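1. Got a sequence here, can you model it:
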Amino acid sequence: MLERINAVLIKEFKQIFRDPRMKTIIFISPLIQVMIFGYAATTDINYVPTAIYDLDNTKESRGLTRDFTYSGYFVPKYYITSDQQQRELIDQGRVNMVLRFNRGFAEDLNSGKAGKVQLILDGTDSNTASVILSYSSVILNRYSAAKLGERYGLADARSAIPQVDLRERAWFNENLVSRNFYLPGVIAMIVTIMSLLLSSMAIVREKEIGTMEQLSVSPIRPIELILGKLAPFGVIALAQVVLITALGVFWFNVPIRGNLLLLFFSTLVYLLTTLGIGLFISTLCSTQQEAMMSVFLFYLPALLLSGFAFPIANMPKIIQFITVFNPLRYFLVILRSIFLKGIGIGILWHQLLPLLVMGGVVITLSSLRFRKRLV
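-> Numbers count the residues shown, from 1 in each chain. Alright, predicted model coming up:
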């Protein structure tokens, strides 16, 4: 039995690496994707293109503008003088915010009234707009406290006003770097798409080149053929995990606080589901083009419902129930927990158990269908 499995395994490895372009797709493409996602997949906002519309033009308005500029988040790209310019910059997406001072800002402020400042935001991206508003609120509160202190001769007006002393402490991702949250998810994305594509097209390729009939009449049993076909893709997926993890840790400084053996074991458990789904797709399709389209038909909804970009808790109840049957959901939790939290199997077994069950069911059903087609 082992000899026959080994023969199929060797044949599959030779088939995969015979084409130099396949080596690039398997090993270079994931690294390129990690580099792109590592720099692009971030919700940290450190650069806000801003337009300054100062109709008051006083030292008070210039002082508040200076506070925005020196905060390190707002970059004044334009100094405008008309409502038409304001509309054009927002409509064209050249700025995310317009800081507007109407006439009388300094006069109201010096007479004890509330100085009015208008923030005009591009609300197309609601998350970005919310973050910009929170940054602006902090700057405006500090400016108001400073002006209040000047009026009443206090070094710090906030010390004279009863308030709650809030001291924040973030666990696991202390600096709240969104890249540390997203890069482990990139590992799951790449492992999923590569294992699905390779496993789904491997069987279909045999059908296209006409060797499936030879396999069906050979002494090899269906289970041996399945193991020989799928094992190489599992090895390739583990190699990709090693490459991507090394790049994330040493290039992007993503912390990995958990056990690497648990990471590889969890990946193997997860591969039961993706390789099983790929095998099932291969029994339904007759061409590699059909297999590729079927893979993306499964992959895109699985990614959207995994919690990679959108929190599952914010989804409607019926959608949350559907995500229970999404293996990528559990694998993402495992990866982020191992990387950022450093927790062990004593806690993660709640995520591993559904993967084991789903993997066992999918592999069994896919193998039965494949055996039926083979016979």
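2. Distance-wise, check I226 relative to S178.
-> When C-beta to C-beta, to the nearest Å is the yardstick, I226 and S178 sit 40 Å from each other. For the C-beta atoms, the positions are set from N, CA and C on the backbone; glycine is no exception.
3. which SSE is the nearest residue in space to I277 that is not next to it in sequence in?
-> For I277, ignoring the flanking residues on the chain, the nearest one in space by C-beta to C-beta, 6 or more residues apart in numbering is V362 at 5.9 Å. Taking DSSP states H and E as the criterion, V362 maps to helix 345-374.
4. Among I226 and S178, which residue is more densely surrounded?
-> Residue environment comparison for I226 versus S178 gives the larger neighbour count to I226, 22 against 13, counting by other C-beta atoms under 10 Å.
5. residue contacts, the more buried one?
-> For I226, the contacting residues are L279, S367, F370, taking C-beta atoms under 8 Å, 6 or more residues apart in numbering as the criterion.
6. report the angle between the axes of the host helix or strand of L198 and helix 345-374?
-> Here L198, judged by DSSP H and E, is contained in helix 178-209. Comparing the axes of helix 178-209 and helix 345-374 via axes from the mean of the first three to the mean of the last three C-alpha atoms, to 10 degrees yields an angle of 20 degrees.
7. Quick check: buried residues in helix 178-209?
-> Buried positions in helix 178-209, judged by neighbour count with 16 or more other C-beta atoms under 10 Å: 179-207.
8. What of stretch 242-252?
-> Using 16+ other C-beta under 10 Å as the burial criterion, the residues of stretch 242-252 that qualify are L243, I244, T245, L247, G248, F252.
9. Mean confidence (pLDDT) on it, please.
-> The average pLDDT within stretch 242-252 is 90.
10. just the CA coordinates of it, formatted as CSV?
-> As requested, C-alpha coordinates have been extracted for stretch 242-252 and formatted as CSV (Å, rounded to 0.1, in the frame of the first residue of the first chain):
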residue,chain,number,x,y,z
VAL,A,242,6.6,28.6,6.9
LEU,A,243,7.6,31.2,4.2
ILE,A,244,4.8,33.6,5.0
THR,A,245,5.3,33.3,8.7
ALA,A,246,9.0,34.0,8.4
LEU,A,247,8.3,37.0,6.2
GLY,A,248,5.6,38.4,8.5
VAL,A,249,7.8,38.0,11.6
PHE,A,250,11.2,39.2,10.3
TRP,A,251,10.0,41.8,7.7
PHE,A,252,6.8,43.2,9.2
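11. How far does that stretch sit from its chain's centre?
-> Between the mean C-alpha location of stretch 242-252 and the chain-wide mean there is a distance of 16 Å, by C-alpha atoms, centre = their mean, to the nearest Å.
12. What of stretch 42-49?
-> Averaging C-alpha positions (C-alpha atoms, centre = their mean) puts stretch 42-49 16 Å from its chain's average.
13. swap in stretch 115-128?
-> A distance of 26 Å separates the centroid of the chain from that of stretch 115-128, by C-alpha atoms, centre = their mean.
14. those strands in the stretch 1-150 of the chain, which residues are they?
-> For the stretch 1-150 of the chain, the strands defined by DSSP state E, counting those that start in this stretch occupy 48-54, 74-79, 97-101, 117-121.
15. would CSV of those strands with distance to L89, mean neighbour count and mean pLDDT be doable?
-> As requested, the strands of the stretch 1-150 of the chain are exported to CSV (distance: least, C-beta to C-beta, whole Å; neighbours: other C-beta atoms under 10 Å; pLDDT from 0 to 100):
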stretch, distance to L89, mean neighbour count, mean pLDDT
strand 48-54, 5, 20, 94
strand 74-79, 6, 16, 93
strand 97-101, 7, 22, 94
strand 117-121, 10, 16, 92
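16. Take those strands and lay them out in TSV including distance to I25.
-> Listed next are the strands of the stretch 1-150 of the chain as TSV, based on distance: least, C-beta to C-beta, whole Å:
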stretch	distance to I25
strand 48-54	37
strand 74-79	39
strand 97-101	42
strand 117-121	42
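17. what about the stretch 1-150 of the chain, any weak spots by pLDDT?
-> 1-2, 41, 149 (pLDDT under 70).
18. Can you classify the closest residue to G38 other than its chain neighbours by secondary structure?
-> Once flanking residues are discounted, G38 sits nearest to F252: 4.8 Å by C-beta to C-beta, 6+ apart. With DSSP: H, G, I helix; E, B strand; the rest coil as the basis, F252 sits in coil.
19. thought L303 was touching I190?
-> No: look at L303 against I190 with C-beta atoms under 8 Å: they stay out of range, at 11.4 Å.
20. Okay, helices next: where are they in the stretch 151-300 of the chain?
-> Here the stretch 151-300 of the chain has its helices, by DSSP state H, counting those that start in this stretch, at 178-209, 212-217, 222-250, 260-284, 288-304.
21. who touches stretch 255-272?
-> Stretch 255-272 is contacted from outside by 180, 188, 191, 195, 233-234, 237-238, 241, 245, 248-249, 327, 330-331, 334-335, 337-345, 348, 352, 355-356, 358-360, 362-363, using C-beta under 8 Å, 6+ apart.
22. Stretch 323-336 too?
-> Under the contact criterion C-beta under 8 Å, 6+ apart, stretch 323-336 has outside partners 181, 184-185, 187-188, 192, 263, 266-267, 270, 273-274, 302-303, 305-308, 312, 315, 348, 351-352, 354-355, 358-359.
23. residues in contact with L305?
-> Contacts here follow C-beta under 8 Å, 6+ apart; on that basis L305 touches I312, M315, I319, I322, T323, N326, R329.
24. on that earlier part again, the residue nearest to I277 and L196, how far apart?
-> 12 Å.
25. what do you get for Q289?
-> Remark: distance between Q289 and L196 (C-beta to C-beta) = 15 Å.
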